[in-house]
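In: Have a look at this prediction, sequence included:
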Amino acid sequence: STQSRSSAASDVYKRQQRADVLTTACKFSQVECVDVLLRHMHEPAAPGGAHVPGMMIPFTSPLEAACEGTTGRDGFAFDAPRLAIVRSLLRAKAAVSSLGYIGATSVRSALWLAAFKNRPTCVDELLAAGAPTNTACAVTGATPVYAAAYNNACDSLTRLLSAKADARAGCRAQFDQASTKIPLDFEPIPGTAPLHVAAALGHLEAVHVLLREQAAAVDARTTTANSLQAIHVAAANNQFDVLQLLLLHGADLTARTAAGATALDVARDNNAVQCLYVLEHWLGGADQPAAAAAAPAAGTLPTSPALA
């Protein structure tokens, strides 16, 4: 009947309103407010909407909102309230494997956000609750490990690798970044694995963690047509310190791209002066660990990662 449909619609609306308020409270780390709302709600995993323009993602679950937090609340001073909320949501049976949505497209999980934002305590709680370690962003294919490597979130990266997360799974070779509308500083490089993106962005610590844990192969190639190794990616972006670390871990100076270019060729083509200096010293048999220290000072580096 019309009356029953109206009543059902009203119930849905009320549940959505409560979900919106809970999501907002989680976003801003309001512990007491979250506890009160959870006592009066039966669906702690219900996605909430965007009451604060530019601050909330439509259809973000409370658990994701808690892990993401607000701009400027990335310090350890906010770990305690954030962690308390995550624990409260998990006790209330919030689903750790659910994905947020933008329109009809599932985007990323709470673990993905915690890894990207480098919330190691949240990562620990989610892993302990059974969160899948390799649930990727449905748009880009980026895993939590990729997100952590992209943002140099080494504390989270270490925890994920200890939980046997896959460090070799990369982004899709093709996706429409503009259509994702993900309001984060996240622009993954198509076809790259975590080691490649960390090398491109100059994240020396993340590269070190990936290689130290033997989670990533130093000779792994991108899935793009140019088929690059991390050594080529570092050379293309003049990341000489990363290049030096890759070489110390056995990267092959003679490895070639699909076009037949070595790292030296790539560095020369991209005018990567520091990388040229390091590579020439390695090829010349100079004191290799000292080569990077003696390299010329940095000039103007590319503003976005380059792939030769």
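Out: Received it, and whenever you're ready, just let me know what you need.

In: make it CA atoms for all contacts and neighbour counts henceforth
Out: Noted.

In: I'd like the distance between residue 120 and residue 250.
Out: Taking Cα to Cα, to the nearest Å as the measure, residue 120 falls 30 Å from residue 250.

In: So the two - more neighbours on which side?
Out: The neighbour count for residue 120 versus residue 250, taken as other Cα atoms under 10 Å, is higher for residue 120 (23 against 11).

In: I figured that one hits residue 158, correct?
Out: No - here residue 120 lies out of contact with residue 158, judged by Cα atoms under 8 Å, at a distance of 9.0 Å.

In: how about the strands of the stretch 1-150 of the chain, start to end?
Out: Taking DSSP state E, counting those that start in this stretch, the strands of the stretch 1-150 of the chain run over residues 99-102, 105-109.

In: looking at these, which has the lowest confidence?
Out: Mean pLDDT is lowest for strand 99-102 among the strands of the stretch 1-150 of the chain, at a mean of 58.

In: that older thread, quickly list what's touching both of residue 120 and residue 158.
Out: Common contact partners of residue 120 and residue 158 (Cα atoms under 8 Å, 6 or more residues apart in numbering): none.

In: how about the nearest residue to residue 110 once chain neighbours are set aside, what does it touch?
Out: With sequence-adjacent residues excluded and distances taken as Cα to Cα, 6 or more residues apart in numbering, residue 110 is closest to residue 64, at 4.3 Å. Listed by Cα under 8 Å, 6+ apart, the contact set of residue 64 reads 100, 109-111, 113.

In: Among these, which one has the most neighbours?
Out: Tallying neighbours with other Cα under 10 Å puts residue 111 at the head of these, with 36 neighbours.

In: you'd agree that residue is up against residue 145?
Out: No - Residue 111 is beyond contact range of residue 145, at 9.8 Å (criterion: Cα under 8 Å).

In: How many residues are close by residue 36?
Out: A count of nearby residues for residue 36, using other Cα under 10 Å, gives 11.

In: Would you mind measuring from it to residue 89?
Out: 12 Å.

In: quick revisit: quick check, nearest of the contacts of residue 64 to residue 187?
Out: Distance to residue 187, by Cα to Cα, is smallest for residue 113 among the contacts of residue 64, at 14.3 Å.

In: tell me the contacts of that closest one?
Out: By Cα under 8 Å, 6+ apart, the contact list for residue 113 reads 64, 67-68, 144.

In: out of those, which are inside helices?
Out: The helices, defined by DSSP state H, take in 64, 67-68, 144 from the contacts of residue 113.

In: By pLDDT, give me the weakest of those residues.
Out: When the ones in helices among the contacts of residue 113 are compared by pLDDT, residue 68 scores lowest at 79.

In: That one touches residue 29, doesn't it?
Out: No - look at residue 68 against residue 29 with Cα under 8 Å: they stay out of range, at 10.0 Å.

In: What is the least confident helix or strand in this protein?
Out: Within the chain, judged by mean pLDDT, DSSP states H and E, the helix or strand with the poorest mean is helix 288-293; its value is a mean of 48.

In: In ChimeraX, how would I select just the buried ones from the ones in helices among the contacts of residue 113?
Out: Of those, the buried ones go into a single ChimeraX selection, burial set by 16 or more other Cα atoms under 10 Å:
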select :64,67,68,144
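
In: Put together JSON lines for the ones in helices among the contacts of residue 113, with distance to residue 267 on each row.
Out: Output for the ones in helices among the contacts of residue 113, formatted as JSON lines (distance: Cα to Cα, whole Å):
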{"residue": "64", "distance to residue 267": "41"}
{"residue": "67", "distance to residue 267": "39"}
{"residue": "68", "distance to residue 267": "37"}
{"residue": "144", "distance to residue 267": "30"}
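
In: Noted, bye for now.
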